[in-house]
Structure formats: C-alpha cells, structure tokens
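In: this one's structure only:
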C-alpha cells in the first residue's frame, strides 16, 4: 500500500481515535519538568522505539518514526508536568503489555524479535489485551504528531514529514522564543 494512501485512509481512523481518547490530553508543551524521571527503563525505551518504528517504518522515499523523532516526542510527553498522570500511566502500561506479550509468545524482548514476530505481538495485544487497541492507536497518534508538528516543538526535524507530504507551512512560523506555551 502506498504511504500517501495510507495517510488518507487513516485520517478517518484518527478521527475515531480522537473520539475514543478524548478524555486523554493531547500533547501539551513542556512546562517545568520535575526530576527528569519518565518512568521507563532503558529496556522499555528500546521496546517503545521498536514499536514506533514497526508501526511507521522508514522507507526510501518516506520518513519513519525515527526520522521524525517520535520517541523523543513521547519522552517529552512523559516528562511534561502538564500531561495528566493517568495518561502517563496508560502509556507506561502499554509498554509493559508489549513486553509481557512478547515474553508470553516468544520468550524474547520485543526489540529482539523479527518483523513477523513483532507484528504477531502487536496484533495479539490489539485483540486480547486490556486497552491494547487504544494504546496502539495512541502510539500512531503520537507518531502523526511528531510527523506533522512544527520542528520548533521538537518533532519533525528539518521538516522531514512536511517535505514528504509536500506541505507548505503557514507563515510566519514561530521562532523558538515565541512558541505558544511561552507566551
């Protein structure tokens, strides 16, 4: 399937996701960050990186989750004091479910699995784990936020997502010192 077509058909899914996750806050700008504890271990960050890259892999002509810094975007969300603790717990619990499902099915860490095995873990989680589908939808939403955000906010470096989608941003774009959350 062509990625541009994928984005078009998933826009309807994104709208449905917005309805199911309406109680969860959207990305808010980083405010005062306390302590720097995002609540995930190094292994869990590796799992999350592998999940994001599996959901939105890089291609020759298209950026992937790593290219748009989706993992960094999620870390910012987890460190943000404005993100509700219940949402942070939801994100962390999903990573734990991926790890548990991977161990249950393959006795390996998710990051160590082959693509087909990763797909099986995520499909299993989507169908049988409590809130698994909602968590995966949330991961896709965060990938899209990183893909479509103005680079001044920490995702979409060098406007990689915009270039791929041939998007022309509005002008003037915010300078770093005039981002909306600083005003």
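Out: Ah, there it is. For clarity, every value in this text was computed on a predicted model and none was experimentally measured.

In: quick one: low-confidence residue ranges for the chain.
Out: Within the chain, the ranges that satisfy pLDDT under 70 run 1-37, 180, 182-183.

In: which helix or strand contains the nearest residue to residue 91 once chain neighbours are set aside?
Out: The shortest distance from residue 91 to any non-neighbouring residue, by C-beta to C-beta, 6 or more residues apart in numbering, is to residue 78 (6.5 Å). All C-beta spots, glycine's among them, are computed from the backbone N, C-alpha and C. Assigned by DSSP states H and E, residue 78 belongs to helix 70-79.

In: contacts for the helix or strand that comes right after that helix next, please.
Out: Counting by DSSP H and E, the next helix or strand C-terminal to helix 70-79 is helix 85-106. With contacts defined as C-beta atoms under 8 Å, 6 or more residues apart in numbering, helix 85-106 is touched by 24-25, 39-40, 43-44, 47-48, 51, 74, 77-78, 108-110, 113, 117, 120-122, 124-125, 129-132, 134-136, 138-139.

In: please point out which parts of helix 85-106 sit buried.
Out: 87-88, 90-92, 94-95, 97-99, 101-102, 106 (16 or more other C-beta atoms under 10 Å).

In: now, among those, which is nearest to residue 55?
Out: Closest to residue 55 out of these is residue 98 (11.3 Å), distances taken as C-beta to C-beta.

In: on that earlier part again, nearest to residue 163 among the buried residues of helix 85-106?
Out: Nearest to residue 163, judged by C-beta to C-beta, of those is residue 91 at 28.5 Å.

In: can you give me the helices in the chain?
Out: Assigned by DSSP state H, the helices in the chain fall at 3-20, 42-55, 70-79, 85-106, 115-128, 132-148, 160-165.

In: which strands and helices sit next to the last one?
Out: In other words, helix 160-165. helix 132-148 (3 or more C-beta pairs under 8 Å, 6 or more residues apart in numbering; DSSP states H and E).

In: how close does the closest residue to residue 142 other than its chain neighbours get to residue 135?
Out: Closest residue to residue 142 apart from its sequence neighbours, by C-beta to C-beta, 6+ apart: residue 74 at 5.5 Å. Look at residue 74 and residue 135: by C-beta to C-beta, to the nearest Å, they are 12 Å apart.

In: quick one, which of the two is more surrounded?
Out: Applying other C-beta atoms under 10 Å to residue 74 and residue 135 shows that residue 74 carries more neighbours, namely 27 against 22.

In: so who does that one touch?
Out: Taking C-beta under 8 Å, 6+ apart as the test, what residue 74 contacts is 48, 52, 91, 142.

In: just to revisit the earlier point, the helices of the chain: which one's closest to residue 177?
Out: Taking those one by one with C-beta to C-beta, helix 70-79 is closest: 18.0 Å.
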